[in-house]
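Colleague: Predicted structure and sequence below. I'll ask about it afterward.
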Amino acid sequence: KLAGISAGKTDMHTGGMSIDDMRGFLDKLNLEFEGKKAEREALSKEQAENQKSLKSLEHMKNVNCDISRLGELEFLRCRFGKVPKGGYKMLGTYLADLDIIFLKTDEDENNIWGFYFVAHEDAERVDDIFTSLYFERVMFPRGIEGNPAQIAEALKKRNDDIAVKAKELEKKTSDILEEY
């Protein structure tokens, strides 16, 4: 006897469902839960990426242009990110030999934040140099336009919307459990 059920044939109440029907039901239920879990994970990931972007935007507070348009320049490539202060000092050596412009936007304890601009034909070589100096490029979510303050506002609103969707998703999951 295990859990009050003896081995062999039992008279368990199945609600009129066959074993195959039960399996189908449980598979469907599992599929619903897996779908909700995947949705929650996607929302959580997007929210975390938005938070990371918001932190990076703080280092552009003195920039007042539509930064989404900087990626559309006809003859130049533009990159935004941070470079350790040691790498920034070494950058001066490369600036003399290459046609690049570095615009510092902020500085913290360890890093210099800014944009660099380079001609399209030199972009790969310059990107390699910046990578060797431990430049960390920052990418912003696509489809959001404006200056840093406007983008920050859009990201905050998007995170608020995500929080609402997450609550709705939680409620739907709870409703599924109550239904069965």
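Modeller: Thanks, I have it.

Colleague: secondary structure element for residue 117?
Modeller: Using DSSP states H and E, residue 117 sits in strand 111-119.

Colleague: For that strand, buried residues please.
Modeller: For strand 111-119, the neighbour count (16 or more other Cβ atoms under 10 Å) marks 111, 112, 113, 114, 115, 116, 117, 118 as buried. For the C-beta atoms, the positions are set from N, CA and C on the backbone; glycine is no exception.

Colleague: same thing with stretch 120-138?
Modeller: Neighbour-count burial for stretch 120-138 [16+ other Cβ under 10 Å]: 123, 126, 127, 129, 130, 133, 135, 138.

Colleague: Packing partners of the strand or helix carrying the fifth one?
Modeller: Think residue 130. Residue 130 is located in helix 123-132, with elements delineated by DSSP H and E. With contacts taken as 3 or more Cβ pairs under 8 Å, 6 or more residues apart in numbering; DSSP states H and E, helix 123-132 sits against strand 76-84, strand 111-119.

Colleague: With residue 168 as the reference, name the closest of those strands.
Modeller: strand 76-84 (34.4 Å; Cβ to Cβ).

Colleague: Dump the closest one to CSV, restricted to CA.
Modeller: Taking C-alpha atoms only, strand 76-84 is exported to CSV below (Å, rounded to 0.1, in the frame of the first residue of the first chain):
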residue,chain,number,x,y,z
LEU,A,76,30.2,58.3,-40.6
ARG,A,77,29.6,55.5,-38.1
CYS,A,78,28.8,56.5,-34.5
ARG,A,79,29.3,54.5,-31.4
PHE,A,80,28.4,55.2,-27.8
GLY,A,81,29.9,53.6,-24.8
LYS,A,82,32.5,53.7,-22.0
VAL,A,83,36.2,53.1,-21.9
PRO,A,84,38.3,52.7,-18.8
